[in-house]
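*Asks:* Fold the following and give me the result.
(one chain, ligands or ions: 2)
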Amino acid sequence: DSADNFRFTLSPHPAPVPAAQRAALLADPGFGRVFTDHMAVVRYKEGQGWHNPTIEARAPIPLDPAAAVLHYAQEIFEGMKAYRAADGGVVMFRPDANARRFHQSAERMAMAPVPDALFLEAVRQLVRVDRDWIPEGENASLYLRPFMIANEAFLGVKPSSEYLFIVIASPVGSYFSGGAVSVWVSEDYTRAAPGGTGAAKCGGNYAASLLAQREAKAQGCDQVVFLDAVEHRWVEEMGGMNIFFVMDDGSLVTPPLSGTILPGITRDAILTLARDRGLAVREEPYSIDQCYADAASGRLKEVFACGTAAVVTPVGRLRGKRGEIVIGSGNGADPVTESLRAALIGIQRGQLPDPHGWVQRV
Ligand code: PLP
Ligand code: COI
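*Replies:* Numbers count the residues shown, from 1 in each chain. Ligands and ions are numbered 1, 2, ... in the order given. Below is the predicted model of the structure:
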């Protein structure tokens, strides 16, 4: 699976966004609304395998109305970021881990896996072609969205025999507007059940989360946190990020990878960075009752969300049917969260040593 087997044909955009207009867009990109000039596209067909890798102008994709993805939601995606390093180079954070997770998601959804080398080459080629779209600034990055859809035109329910693997890119600022976020505890809706698709990054998981997220907004919260689908008791993860709890002895608790939550790459990095610092970390079930009790007793000091989009975001308040609790100072500037966040960002942006070899040049 060497990258040499995948030579991308470049068809440059005939009319790329002019530099002045691009600069204006990059000054305040928001999250996920501005897109670069190009996209990577690779096709799969049973019998032919992966073929025709191209970098081409970003444009709508023609789809047959019977394409399997439109009916049975055979779709997976990834989220990763490219940064402008201090020396002017471009770096990415653990792209190999995204490639691996994309492979695992494909297997869970009975899709043709994209070879890791092809996944990485597609991302690298797109970042190189659109490198002028990487925004400058402390919270800015180029968000990459690799995804795969089933595009066989056929209405029978079976795994598609054709797929499209595409990578698009979006210059982004912070996912949240700043400070601590508030989180709604969803008790009426669950995200994923044992044996389901919770550990896969498939679109369906997000479709299923939207009503709960809307409820969170209606309750004045920024995000939703889900409880387990069997006992409605154990904290799982948020709509688009994993969750950590920091106790008064400095130890960290985060829900285990039980198969119903996404194995976050940021989560894994935080666990490693915490252990590096000599903090005790426990990947173990934590109940919402315990959470309320620990907040009341003062044992629970900090809560944070982590993910590619959210990076490390402090949680200031938890709200649910049993009332509201304020975490720590409530405004999020709490020490363990802040120190882990600074350590992670420093490595991601090439400003701190990278002892685990997480950062790759593009
Ligand atoms: N959980 C969910 C549901 C997510 O969508 C994400 C974001 O990708 C995460 C967790 C965090 O994963 P990662 O750190 O790999 O971005
Ligand atoms: C990511 O962090 O990459 C996600 O997919 C989550 C979403 C909130 C953008």
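
*Asks:* Ligand 2 contacts on the stretch 251-362 of the chain?
*Replies:* Neighbours of ligand 2 within the stretch 251-362 of the chain, by CB under 6 Å from any ligand atom: 307-309. In short, each C-beta sits where N, CA and C put it, glycine included.

*Asks:* Please identify the residue of the stretch 251-362 of the chain positioned nearest to ligand 2.
*Replies:* With CB to the nearest ligand atom, the shortest gap between the stretch 251-362 of the chain and ligand 2 falls at residue 309, namely 3.3 Å.

*Asks:* which residues touch the nearest residue in space to that residue that is not next to it in sequence?
*Replies:* Leaving out its chain neighbours, the residue that sits closest to residue 309 by CB to CB, 6 or more residues apart in numbering is residue 175, at 4.2 Å. Neighbour list for residue 175: 31, 309-311, 313 [criterion: CB atoms under 8 Å, 6 or more residues apart in numbering].

*Asks:* can you redo those residues as CSV with neighbour count and distance to residue 159?
*Replies:* Converted to CSV, the contacts of residue 175 look like this (neighbours: other CB atoms under 10 Å; distance: CB to CB, whole Å):
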residue, neighbour count, distance to residue 159
31, 15, 33
309, 19, 29
310, 20, 32
311, 21, 35
313, 27, 37
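
*Asks:* Could you tell me which of those residues are located in strands?
*Replies:* 311, 313 (DSSP state E).

*Asks:* Among the contacts of residue 175, which one sits closest to ligand 1?
*Replies:* When the contacts of residue 175 are compared against ligand 1 (criterion: CB to the nearest ligand atom), the nearest one is residue 309, at 6.2 Å.

*Asks:* can you pull out the helices in the stretch 1-150 of the chain?
*Replies:* 19-27, 68-72, 95-108, 116-129 (DSSP state H, counting those that start in this stretch).

*Asks:* for the stretch 151-300 of the chain, that is, sorry about that
*Replies:* With DSSP H, counting those that start in this stretch as the criterion, the stretch 151-300 of the chain has helices spanning 203-218, 265-276, 288-297.

*Asks:* where does residue 329 land on pLDDT?
*Replies:* At residue 329, the pLDDT value in this model is 84.

*Asks:* measure it to residue 302 for me?
*Replies:* Relative to residue 302, residue 329 is positioned 9 Å away (CB to CB, to the nearest Å).

*Asks:* Neighbour count for the two, which is higher?
*Replies:* More crowded of residue 329 and residue 302, by other CB atoms under 10 Å: residue 302, with 25 against 13.

*Asks:* element containing that one, please.
*Replies:* strand 300-307 (DSSP states H and E).

*Asks:* and that strand, C-alpha only, in CSV?
*Replies:* Output of strand 300-307 as CSV, limited to C-alpha atoms (Å, rounded to 0.1, in the frame of the first residue of the first chain):
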residue,chain,number,x,y,z
LEU,A,300,-15.5,17.2,41.0
LYS,A,301,-13.4,20.2,40.1
GLU,A,302,-13.3,20.4,36.3
VAL,A,303,-15.0,19.0,33.2
PHE,A,304,-13.8,19.4,29.7
ALA,A,305,-14.8,18.3,26.2
CYS,A,306,-12.2,17.3,23.6
GLY,A,307,-12.1,16.6,19.9
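
*Asks:* Compute the inter-axis angle for it and helix 265-276.
*Replies:* Counting by axes from the mean of the first three to the mean of the last three CA atoms, to 10 degrees, strand 300-307 lies at 140 degrees to helix 265-276.

*Asks:* Can strand 300-307 be said to contact ligand 1?
*Replies:* Yes. Shown here: strand 300-307 in contact with ligand 1 (CB under 6 Å from any ligand atom) through residue 307.

*Asks:* Show the secondary-structure elements that that strand is packed against.
*Replies:* strand 181-186, strand 242-247, helix 265-276, strand 311-320, helix 335-348 (3 or more CB pairs under 8 Å, 6 or more residues apart in numbering; DSSP states H and E).

*Asks:* quick one, that strand and strand 181-186 angle?
*Replies:* 90 degrees.

*Asks:* Thought residue 245 was touching residue 291, still the case?
*Replies:* Yes. Look at residue 291 against residue 245 with CB atoms under 8 Å: they come within range, at 7.0 Å.

*Asks:* Show me the common contact partners of these two, please.
*Replies:* residue 300.

*Asks:* can I assume residue 140 is in contact with residue 133?
*Replies:* No. Here residue 140 lies out of contact with residue 133, judged by CB under 8 Å, at a distance of 10.8 Å.
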